[in-house]
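Visitor: coordinates for the following, if possible.
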Amino acid sequence: MDEYFDSDTMFGDEQRVEPGDERSAAIATARSWELPYLDDEPLLIDSESATRVGGEELARIGAAPVRCGDGSVRVALADATPERIAGIREHFSGAVEIGVVKTSTLVSLLDAASMAVASAGADPVATGAAAAAPVWGRSLERVLSLFDTEATRLQDLRGKLQELGGEMAAREQRVQELETELQRIRVERLRDQEAADRLRHDLADRNNRLERALSKTQELAAIMQGGHL
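Guide: Here you go, the predicted structure:
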């Protein structure tokens, strides 16, 4: 059973799900694969199917045969992949219906399947608490492992958030520097525009003076020519 929960499927980067999003992730998986979502109805391990396949093999393929509220038998999984579905088809009837449950639900179902397999065909007195104890021990160990993994992941996430915060602060400072530089360029452009306007005004004034001086020169020349005549 530990093979499935120790695999990349359980802890791989693409499948990590926050506890609050576990239900949403399972529903999204069910929709994307067009499979029924089974967590909204009571589920019991189908002991006959579980015994036939075996607890370790069920854990390896990450699936558990369950009897639903309507009495039908389905195979529940938490992570739907082509390989996993092919494994289910290999171990169960090709017409078996497949459904999706939350990861935590699958953990409990696989534990129950292991207990069913361990107690199948054995004396109830001999398999009672002795058979259940190792299963619950593995469950507790797995839960503690999950907590440790999540704590490590949260610590890594904290470090990444701090790093991202530092980058965002540096970018914000750079944006402010660019805004200051842009404002300075705008002020200089306005000053240049004002200087150009003054030069155009001075040039126009000088042109007017030159035209008046030229006009007076022409008048003076005409007067001088008239005096000579």
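Visitor: avg pLDDT for the helix or strand harbouring Asp111?
Guide: Per DSSP states H and E: Asp111 is located in helix 103-119. The pLDDT scores in helix 103-119 average 88.
Visitor: show me where this structure has helices.
Guide: Taking DSSP state H as the criterion, the chain contains helices spanning 2-6, 8-11, 22-32, 47-53, 55-61, 82-91, 103-119, 124-127, 129-228.
Visitor: and stretch 199-207, what's its mean pLDDT?
Guide: pLDDT averaged over stretch 199-207 gives 90.
Visitor: do stretch 175-187 as well
Guide: 92.
Visitor: quick one on the thing from earlier: tell me what the helix holding Asp111 is packed against?
Guide: Applying 3 or more Cβ pairs under 8 Å, 6 or more residues apart in numbering; DSSP states H and E, we find helix 103-119 packed against helix 22-32, strand 44-45, helix 47-53, helix 55-61, strand 63-67, strand 73-77, helix 129-228. Glycine gets a C-beta too; all of them are placed from N, C-alpha and C.
Visitor: for the helices of the chain, which one sits closest to Arg67?
Guide: Across those, Arg67 has its closest neighbour in helix 47-53 (8.9 Å, Cβ to Cβ).
Visitor: residues of that closest one that come out buried?
Guide: Buried residues in helix 47-53, counted by 16 or more other Cβ atoms under 10 Å: Ser47, Ser49, Ala50, Thr51, Val53.
Visitor: then stretch 105-120?
Guide: For stretch 105-120, by 16+ other Cβ under 10 Å, it's 105-107, 109-119.
Visitor: same check on stretch 215-224?
Guide: Per 16+ other Cβ under 10 Å, stretch 215-224 contains no buried residues.
Visitor: for it, C-alpha coordinates in CSV please.
Guide: Output of stretch 215-224 as CSV, limited to C-alpha atoms (Å, rounded to 0.1, in the frame of the first residue of the first chain):
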residue,chain,number,x,y,z
SER,A,215,11.6,100.0,-45.6
LYS,A,216,13.2,103.1,-44.1
THR,A,217,16.4,102.5,-46.1
GLN,A,218,14.4,102.3,-49.2
GLU,A,219,12.5,105.5,-48.3
LEU,A,220,15.8,107.3,-47.6
ALA,A,221,17.3,106.1,-50.9
ALA,A,222,14.2,107.4,-52.7
ILE,A,223,14.5,110.8,-51.0
MET,A,224,18.2,111.0,-51.8
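Visitor: thank you kindly, that will do.
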